Structure formats: structure tokens, C-alpha cells
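**Q** heads up, no residue letters with this:
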Ligand SMILES: NC(=O)c1ccc[n+]([C@@H]2O[C@H](COP(=O)([O-])OP(=O)(O)OC[C@H]3O[C@@H](n4cnc5c(N)ncnc54)[C@H](O)[C@@H]3O)[C@@H](O)[C@H]2O)c1
């Protein structure tokens, strides 16, 4: 697929992207920079951060990159304070951080009975509490601007279940619930709050797991067979939806969960 940028869509905007990663969220950050936004990137993994920052900078925008744990609310407040000092404001928040589980050797998917208390605590801290902290940190600025776009990146596993995804399915579902209340509470401040909910797509992590994890491969193969569009998605196809939701093209949409899954899930 050839990337098509809407050159000025994000001109003058500042976007904060938490859990920028290597896949669809990184592609969204790069699209936003290509379309005129200055970006504030946050990730716990330096390598992911540096690669994303380099790609965003290649479009000539200002880029601030913070290696940080999104579960650390104090750190998030400091990042927002520094970013607003340097870039003037934050118009857009995209939150996509998901924890790398401690025993990733076994792959990110596992049956519920194998999940540990530690994994549940970390999933809560990164997927949900980190989102809460990020929203709290950017809200004062957005309310003052009387403008804002907040996009929570969930998963369709949160809405219809998916074998091996009890932890992220449950906590992303909580995030979807929170988004609906935020959408109602801050509509008066012209802040749109929405969810982009991907189905399986071919990120570097997914490709890597398909190559080395039998359980993972079986689940993904099984799901892909049921995708009406007949294939897995590409990261940039998720990014396109994230950027739409973060843009003024979505000005009359709030509190919604937007599936990007080739039709695998239809709600
Ligand atoms: N890949 C898929 O098929 C798929 C399907 C459905 C939903 N999603 C969702 O899409 C989003 C992006 O997925 P991806 O596969 O591109 O993931 P990714 O691994 O490329 O990105 C997630 C990033 O979060 C970072 N992170 C982990 N813990 C963190 C923390 N404590 N603080 C800050 N950053 C932290 C990781 O380092 C990683 O860079 C995620 O929210 C994921 O749940 C992905």
C-alpha cells in the first residue's frame, strides 16, 4: 500500500504518543509528523523510541522523546510539563502502551490459567492506570485550549474475547469504558475521546511471534481465516484510523470504538 499523507492535516498541532512502539502506533506518529505535527514520544524501550524519533524528525518537525515507564504517573506529569514548556501545548494524546510481560519467552498470548498475579498487576498499571495518568496530565492544557483529541488504542479482544488475551482484553475493555465517560464529561471542552480497536495485524512483534511460537501461530492463523477481507492488516492501516480519530476529520465523533480488523469483528 502506498502511503498517502494529508500534508497539512496536523499543521500547528502537538501530539503526545505513549507506547510509540515499532508497529501501528509508530506509523501513526510518523504520519502525524509528516502531516505537520510536532510530536512528544514516550516508550520504555530506548531502541523503539529512537527509531520512531528518527523517522518523525525526517519530516522536519520538532520531536521530543522520553524513555519512561507510562505506569509512573509522576514521570508522565513531568513529561507533559516539559513538553508544554518546549512546544507550547498538547492537542492530541494517543495512548497505546501495553506491557511486555515478564516471561515473554513464552510469547504474549497465554491461557488464563497460566497468567500470574504479577502479570495482572503490570497489565493494570501500564494499560489502564498509565492511560488515566496520561489523560489527567494533558487535560488541564486541553481544557484551557478548549480543544483536544484523545485516542486510546485497544484491541477487539476486549470486545469479543480472544484466546490467550485475558489480561490485555480485560484491561483494554476497562479503558473503553473510561473513554465513554471521558467523552461525555469533556465534550463541553471540545475534547473528542475515542478508541481505535485493531484486529490482528502484521507488526514486527506479531511476525516474530508467528515465526517462533506455535500457540501464537495457531491462534493468528485461525483468526485470519475468518477475516472477510482475507488477510491480516498492515500497521499503516491501523495508523490511518488512529490519525483520522486524532484529526479534525473526526470532529463529530466521540465516545466511539472503531474496529480496524478487515471485518473480523462487526459490532
Ligand atoms: N499487533 C496487533 O496485532 C494488535 C492487535 C490488537 C491491538 N493491538 C494494540 O495496538 C497497540 C500497538 O501494538 P503493537 O503490536 O504495534 O505494539 P508494540 O509492541 O510495537 O508497541 C507497544 C509499545 O509499548 C511499549 N511499552 C510497554 N510497556 C511500557 C511502559 N510501561 N511504558 C511505556 N511504554 C511501554 C513497548 O516498549 C512497545 O514499544 C497496542 O496497544 C496493542 O495492544 C495490537
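**A** On my side now, so go ahead. It should be emphasised that the depicted structure is a prediction, and the values quoted were computed from it without experimental measurement.
**Q** Report the residue spans of this protein with pLDDT below the cut-off.
**A** Residues of the chain that meet the criterion pLDDT under 70 lie in 1-2, 101-107.
**Q** and the gap between the residue in the chain sticking out farthest from the centre and residue 164?
**A** Relative to the centre of the chain, the most outlying C-alpha is that of residue 113, 27.0 Å out, by Cα atoms, centre = their mean. Computed as Cβ to Cβ, to the nearest Å, the residue 113 to residue 164 distance reads 11 Å. Just so you know, the C-beta spots here come from the backbone N, C-alpha and C atoms, and that holds for glycine as well.
**Q** buried ones in stretch 218-237?
**A** Within stretch 218-237, the residues scored as buried using 16 or more other Cβ atoms under 10 Å are 219-220, 223-224, 227, 232-237.
**Q** Give me the contacts around it.
**A** Residues outside stretch 218-237 that contact it (Cβ atoms under 8 Å, 6 or more residues apart in numbering) are 1, 3, 23-24, 26-27, 31, 109, 162-164, 198-203, 206, 209-210, 260-264.
**Q** So which bits of the stretch 51-200 of the chain are right by the ligand?
**A** 69-71, 96-100, 126, 153, 155, 168, 198, 200 (Cβ under 6 Å from any ligand atom).
**Q** Dump these to TSV, plus distance to residue 63.
**A** Below are these laid out as TSV (distance: Cβ to Cβ, whole Å):
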residue	distance to residue 63
69	20
70	18
71	23
96	17
97	18
98	22
99	24
100	23
126	23
153	20
155	27
168	28
198	24
200	29
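**Q** now, which of these lie within helices?
**A** If you go by DSSP state H, these have residue 168 in helices.
**Q** Put the buried members of the residues of the stretch 51-200 of the chain next to the ligand into a ChimeraX selection.
**A** Burial among those is assessed by 16+ other Cβ under 10 Å; the matching ChimeraX selection reads:
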select :69,70,71,96,97,98,99,126,153,155,168,198,200
